[in-house]
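K.L.:
Predicted model and sequence follow; I will ask about them next.
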Amino acid sequence: MPVSAFPVNYQELFHALPENFLLIAPNADATIIDNTNSHVAVSMKSRDEVVGKAFFEAYPATDEKSAAVIRESHEHVRRHLEPHTMPLIRYDLQRPQAQGGGLEELYWQATHYPILDAEGKLQYILQRTQDVTEQYHAEQRAELVKKELAEQQERNRFILESLPILVWTAQPDGNRDYFSSRWLQFTGRPLEAELNNQWIHNIHPDDQARVQQQWNESVATGQPYQVEYRLRRHDGQYRWVLMRALPHYNAQHEITMWVGGGTDIQDQKQMVQELLETNEQQALLSDQAYQAYQLAETQRETFYNLFMQTPAMICILRGPEHRFEFVNPEYQKLFPHRQLIGKTVAEVLPEVIEQGFITLLDNVYDTGEAFVGNELDIMLDRDGSGQLQRSYLNFTYQLFMEGSEKAGITVFAFDVTDLVLARQALERPDSTVR
C-alpha cells in the first residue's frame, strides 16, 4: 500500500516526541515557533504562553550572563550552520501554585541544531534541552567530598611528616614503598634509593643478615616486627635505632600493608655502655636499667595507622589556648582519670602551669621555634589522687601551620622516668655492689 495512504500530521508527531525540543525562528529575536509536549512539561509554561514570542520574552533569563551564553549559541548556529552545545547554565523556573509556588533552582544542558532548507539556508533552529540538575548536584557533592578527602589526606600527611620519628610503609609482601622525609633526611639518600629492598644497605654490615631474617619472619607470619640495629646517618655515622612495625588487616583479615616507625636510641645505648664500663660490679643493675628502658619502649604500642598506634606519646594542641584536639592512647595513659579532648592544657593539667609548661607552649606558638626537652622533671597527678608524682619526659613541642596560618602545636614525648631513676641509682656512691 503506498505511504501516502497513511497521511501523517507532522506537527502532532513533533509534539509527541519524547524529548524537550523547542523550534525557534532564525531571526535575531529567536521567535518561538513550536515545542514538544515534554518541553511544555519541564518549562512549566503552556504552548499558548510562548509560541509567537521572542525567546527571552517567553523565557526570561536568570541573569545577563546566562542570557549571553544562550545568545552566543544562537549566533554560532546562524553563522556556522552547525550544531552548538552550550556550557551548563542555571535557569530557574516558577513552580505552579499547586506545587507550592516559588522558583525552583534548575541546571540545564542545551544543544542548538540548524534546520536547513533544500538550498542549504537556515530555516529553523532546533533546541534540545536536558534537565541535568540532579547530575549537577551529584557532581558538586562529589567534588566537595573529593576536596574534603584531599584536605584530610594533606592534613594527615603533614602530621605524619612532622612526627620526629623515622616512618616507613611496606606492601603485604614486605617490599618497602614509602619513607618519610625524616627518614630521608637521616640517611641522606633519595626516596628511589631506599625503596623495595635497598633500605638494607643503610644498615651496618654486621646487622644486615639478622635484620633481614627478622623482617622476613614477620612478613611470613604476620607477627609484629621489632628489632634494634645500627643505621647509617647522612654523615656516615652509624646510630642505634629501635625499629617497630605492625601489619594492617582488612575486613577479611588479610594484610593490606605494614606501617613501621623507628627512634634513635644511640644515647641510651651509649649511656648503658658507659655505666657498664664504670664498674663491672654494676653490670647486672645497668643491664636491668637498659632492660627497663626496653620494656617501657615495648609497652608503648607500635607505630600503627600513622598516629593512633604509635609507640610514643603524641597529642595535637589547637590554637593559642592549646586545646587538646588529638590524643593517642600512649598520651592518655599519663592521665587515665582525665578527659582531655576538647579542653585546654590549663583546664585539665593545672599542675603544669606553675611549672612553666604553659609558658613554653606560648613561646613555641608565638615564635615558631621548636622546643626539645630531654629528661625534664615534671610533677603530675597521674592516678587522680591529688598527689603529684615526679616524672621525667623527653619531649618536643613543634608549631604546625595550616596554609600560611598558625594552627597549633604537635607534642611528641617519651616517658623516661624508669631510665632516669635507674641511672640516678647507679650514679649514687652507695650503689656499688660489695
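P.N.:
That came through, no problem. Residues are numbered from 1 along each chain as shown.
K.L.:
ok, and what's touching the helix or strand where Tyr113 lies?
P.N.:
Assigned by DSSP states H and E, Tyr113 belongs to strand 107-116. Residues outside strand 107-116 that contact it (CB atoms under 8 Å, 6 or more residues apart in numbering) are 23-24, 70, 73-74, 76-77, 81-86, 88-91, 122-133, 136. Using the backbone N, CA and C atoms, a C-beta is placed for each residue, glycine as well.
K.L.:
6 Å - rerun?
P.N.:
Contacts to strand 107-116, defined as CB atoms under 6 Å, 6 or more residues apart in numbering, come from residues 73, 77, 81, 83-86, 88-91, 122-130, 132-133, 136.
K.L.:
Note down every partner strand of it and its orientation.
P.N.:
Its sheet considered, strand 107-116 pairs with strand 84-85 (antiparallel), strand 89-90 (antiparallel), strand 122-131 (antiparallel) by DSSP bridges.
K.L.:
Can you lay out those as CSV showing mean pLDDT?
P.N.:
Shown next, in CSV, are those (pLDDT from 0 to 100):
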stretch, mean pLDDT
strand 84-85, 94
strand 89-90, 78
strand 122-131, 92
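K.L.:
Now, of the contacts of strand 107-116, which are buried?
P.N.:
Using 16 or more other CB atoms under 10 Å as the burial test, those include 73, 77, 84, 86, 89, 91, 124-129, 132, 136 as buried.
K.L.:
Of all pairs in these, which one is the farthest apart?
P.N.:
The span of those, defined through CB to CB, is set by Tyr124 and Tyr136 at 28.8 Å.
K.L.:
which residues in the stretch 1-150 of the chain form helices?
P.N.:
10-16, 37-43, 47-50, 55-58, 64-80, 133-162 (DSSP state H, counting those that start in this stretch).
K.L.:
got those helices as JSON lines, with distance to Arg318 and mean pLDDT columns?
P.N.:
As requested, the helices of the stretch 1-150 of the chain are exported to JSON lines (distance: least, CB to CB, whole Å; pLDDT from 0 to 100):
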{"stretch": "helix 10-16", "distance to Arg318": "63", "mean pLDDT": "90"}
{"stretch": "helix 37-43", "distance to Arg318": "49", "mean pLDDT": "88"}
{"stretch": "helix 47-50", "distance to Arg318": "58", "mean pLDDT": "93"}
{"stretch": "helix 55-58", "distance to Arg318": "53", "mean pLDDT": "92"}
{"stretch": "helix 64-80", "distance to Arg318": "41", "mean pLDDT": "92"}
{"stretch": "helix 133-162", "distance to Arg318": "12", "mean pLDDT": "78"}
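K.L.:
Pull the distance from stretch 42-56 to the chain's centre.
P.N.:
In terms of CA atoms, centre = their mean, to the nearest Å, the gap separating the centre of stretch 42-56 from the centre of its chain is 50 Å.
K.L.:
For that stretch, which outside residues touch it?
P.N.:
Contacts of stretch 42-56 (CB under 6 Å, 6+ apart): 20, 29-32, 40, 58, 93, 131.
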